[in-house]
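In: Dropping the sequence and predicted coords here.
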Amino acid sequence: MQKSAKLYITNFRISLLLSLLLLLFGCSTSNNSSRHKFTGNSLEVILQEFYQPAGNQVLVVAHRGDWRNAPENSLQAIRNAMDMGVDILEIDIQKTKDGQLVLLHDKTLDRTTTGTGRVDHHTLHELKQLYLKGGHGVATSHRIPTLEEAMLLMKGRVMVNLDKGYDHFKEAYAVLEATGTVQQTILKSGHSYDKVSQENGEILQKVPFMPVVGLDNPHALQIIKSYQLELKPAAFELVFKTDTSAVLRDIDQIKRTGARVWVNSLWPSLNASHHDDLAVEGGKADESWGWLLEKGFNIIQTDRPAELLAYLRARRLHR
């Protein structure tokens, strides 16, 4: 009886231990599932905010990904930026000799890869043999991604802005459709509505579109109004060397039509000198990002995504 009692107690303890382990495993799985679910639903939150320009949330765009810690336009730079919690990834596209779209800013390979010459003089297979360079100009282990690879990585997680892509609108749209990423991708152009409509009118009705308007152009207001009348874009990107444009005095008028207003804080000539380095290296964030916020901009493209996110979150302007 004594041995039986001991055996019973031992079995009970083992059963109890197994139950506890299963409970802990179940909680861990549930927590992981919740985290995964949150990640999967983050795009839904971003899209809701994107289409509510009157809200107080400011959307953050990572320019070429987190290029300070990984090669620009690399998959790692994209991963880093998504992990930070940015809302939009800006990437650049070029077309290869055999008609494939890849992520590169320049038309030539020399600055950002171990190759030389024009991108469109090389096939995708040839480009895949090259390595991307980091910001210090030294080769890394990262390869040139295709647009398809990048879109699959970002699918369901963040919005995407395709730059350098106007000449490849139709090819880019085909990739977006094939990867199921049409609704999360912003296409843009600095051309007039008449030109864009004539050349790519069918795509304008299927994908979020953003006109790029230079405010130093004396016809800037007319360009904005023509787009508002004909298309009602989801956003406008405004570029300005000086702060004298009348448009800057009433950005809320654009938001009242249902569009967000995008500004680039990358370098001085894009924002009348209210730029990233003034905020981070100059220690004058209120004169840089603060000034842009006061004007009413609610999408900011930056080369300092981590710092901008911290600045906005401290002011409850980002989730």
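Out: That came through fine.
In: what's next to the host helix or strand of I93, contact-wise?
Out: If you go by DSSP states H and E, I93 is part of strand 88-95. Residues from elsewhere that reach strand 88-95 (Cβ atoms under 8 Å, 6 or more residues apart in numbering): 46, 59-65, 73, 78, 81-82, 101-107, 119-120, 147, 150, 154, 158-165, 167-168, 171-172, 186, 299, 301. Any C-beta I mention is one placed from the backbone N, CA and C, and that applies to glycine too.
In: and the next element down the chain from it?
Out: Heading C-terminal from strand 88-95, the first helix or strand you meet, by DSSP H and E, is strand 101-103.
In: which among the contacts of strand 88-95 end up buried?
Out: Neighbour counting over those (16 or more other Cβ atoms under 10 Å) leaves 46, 59-65, 73, 78, 81-82, 101-106, 119, 147, 150, 154, 158-165, 168, 171-172, 186, 299, 301 as the buried ones.
In: Surely G85 touches A306?
Out: No. Contact criterion Cβ atoms under 8 Å: G85 and A306 do not qualify, at 9.2 Å.
In: more neighbours, those two?
Out: A306 (19 against 15; other Cβ atoms under 10 Å).
In: In contact with that one, which residues?
Out: Counted by Cβ under 8 Å, 6+ apart, A306 has contacts 66, 84.
In: can you do 7 Å?
Out: A306 makes contacts with M84, as judged by Cβ atoms under 7 Å, 6 or more residues apart in numbering.
In: how much distance is there from the helix or strand where it lies to the middle of the chain?
Out: Taking DSSP H and E as the definition, one finds A306 inside helix 305-314. Relative to its chain's centre, helix 305-314 lies at 15 Å (Cα atoms, centre = their mean, to the nearest Å).
In: What angle do strand 88-95 and it make with each other?
Out: On the basis of axes from the mean of the first three to the mean of the last three Cα atoms, to 10 degrees, helix 305-314 is oriented at 150 degrees to strand 88-95.
In: from what I can see D110 touches T116, true?
Out: Yes. Using Cβ atoms under 7 Å, D110 and T116 qualify as a contacting pair, with a distance of 5.3 Å.
In: separation between the spatially closest residue to M159 that is not a sequence neighbour and R313?
Out: Nearest non-adjacent residue to M159, counting by Cβ to Cβ, 6 or more residues apart in numbering: I88, 4.4 Å away. Taking Cβ to Cβ, to the nearest Å as the measure, I88 falls 17 Å from R313.
In: cool, and R319?
Out: Distance of R319 to R313, given as Cβ to Cβ: 8 Å.
In: go on, H121?
Out: Counting by Cβ to Cβ, the gap from H121 to R313 is 45 Å.
In: In this protein, what helix or strand scores lowest on average pLDDT?
Out: helix 2-50 (a mean of 51; mean pLDDT, DSSP states H and E).
In: Could you identify the helix or strand that succeeds that one?
Out: Following helix 2-50 in sequence order, the next helix or strand is strand 59-63 (DSSP H and E).
In: what does that next one contact?
Out: 49-50, 81, 86-90, 161, 266, 298-303, 305, 308-309, 312, 318.
In: and the direction of it versus that of strand 88-95, what angle?
Out: 40 degrees.
In: Who is the spatially most central residue of the chain paired with across the strands?
Out: For the chain, the residue nearest the mean C-alpha position is L89 (1.4 Å; Cα atoms, centre = their mean). With DSSP bridges as the criterion, L89 is bridged to A62, V160.
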